[in-house]
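Colleague: below is the structure, and that's it, no one-letter string:
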């Protein structure tokens, strides 16, 4: 029973394409996130989302957009992919009101060629 | 603005040695939370500990222990009698409850050699 699951685990695509990464959590958490880990292992928040509020890290290009069909899902859409988008993308969830720790998915390694 | 600094980018020890991973943070908030995560070679992020700013008690969990010192804004992590399976990248992180987003340090790669 995976708590936070992302698909696909690996994604190789060409520049200019549009792609999506799916994320689902079965923990009943109220908030979900996307983080980006670059080649030097730096982890940075991209988005925080609950059913009321989307918080966007201002450094994230608007080619990236989160879409949440319901409380348990937060998908990441990326338009017009660029070489610099190559990274590992992590989905996470937490229960904000109780300030619990964030649980992470296994990551999606995106390679843009 | 928040910031987390892990000055040690890479540490190499021999099995059974003790090792301490340093973490220094900056925040203007009086209420905040500190975390440690482990990222083994398989790539997933594994939660290790959460500590709130009002609780300065040190914590021990098996071979792991954490030393939180508000006076020096540090939250250091010690592994006693290290094992090869401890080899991983360890991240210290901070949030101030603003949407619960985490600010991560740059990570420390720990290599434990047999």
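Modeller: Alright, I've got the coordinates. Just so we're clear, the structure is a prediction, and the values are computed from it rather than from any experiment. Residues are numbered from 1 along each chain as shown, chains lettered A, B, ... in the order given.
Colleague: ok, now which ones touch the most centrally placed residue in chain A?
Modeller: Among the residues of chain A, the smallest C-alpha distance to the mean C-alpha position (C-alpha atoms, centre = their mean) belongs to residue A:34, namely 3.1 Å. Contact criterion C-beta atoms under 8 Å, 6 or more residues apart in numbering or on different chains gives A:23, A:45-47, A:66, A:74, A:76, A:89-92 as the residues in contact with residue A:34. Where you see a C-beta, it was placed from the backbone N, CA and C, and this is true even at glycine.
Colleague: how about residue B:88, nearest residue that isn't a chain neighbour?
Modeller: With C-beta to C-beta, 6 or more residues apart in numbering or on different chains as the measure, residue B:40 is the residue that lies nearest to residue B:88, at 4.4 Å, once sequence neighbours are left out.
Colleague: residues near that neighbour, how many?
Modeller: Using other C-beta atoms under 10 Å in any protein chain shown, residue B:40 has 13 other residues around it.
Colleague: just to revisit the earlier point, how about the contacts of residue A:34 in a markdown table, adding pLDDT and neighbour count?
Modeller: Below are those laid out as a markdown table (pLDDT from 0 to 100; neighbours: other C-beta atoms under 10 Å in any protein chain shown):
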| residue | pLDDT | neighbour count |
| --- | --- | --- |
| A:23 | 97 | 25 |
| A:45 | 93 | 22 |
| A:46 | 93 | 20 |
| A:47 | 90 | 22 |
| A:66 | 92 | 20 |
| A:74 | 94 | 29 |
| A:76 | 96 | 22 |
| A:89 | 98 | 22 |
| A:90 | 98 | 26 |
| A:91 | 97 | 30 |
| A:92 | 95 | 27 |
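Colleague: from those, pick the one nearest chain B.
Modeller: In terms of C-beta to the nearest C-beta, no member of the contacts of residue A:34 lies closer to chain B than residue A:45, at 4.5 Å.
Colleague: residue A:33 is in contact with that closest one, correct?
Modeller: Yes. Between residue A:45 and residue A:33 there is a contact under C-beta atoms under 8 Å: 6.4 Å.
Colleague: what's the neighbour count on residue B:100?
Modeller: For residue B:100, the neighbour count with other C-beta under 10 Å is 27.
Colleague: that one belongs to a strand?
Modeller: No. Counting by DSSP: H, G, I helix; E, B strand; the rest coil, residue B:100 is not found in a strand; it is coil.
Colleague: and the pLDDT at the residue nearest to it when sequence neighbours are not counted?
Modeller: Closest residue in space to residue B:100, ignoring its immediate chain neighbours: residue A:96 at 4.6 Å, by C-beta to C-beta, 6+ apart. Predicted confidence (pLDDT) for residue A:96: 77.
Colleague: low-confidence ranges in chain B?
Modeller: Scanning chain B for pLDDT under 70 picks out the ranges B:97-99.
Colleague: revised request: answer the last question for chain A.
Modeller: Low-confidence segments of chain A, defined by pLDDT under 70, span residues A:1, A:97-98.
Colleague: name the residues of it found near chain B, please.
Modeller: Applying C-beta under 8 Å from any C-beta of the partner chain, we find that chain A lies next to chain B at A:31, A:33, A:35, A:40-45, A:48, A:53, A:55, A:57, A:88, A:90, A:92, A:94, A:96, A:99-107, A:109.
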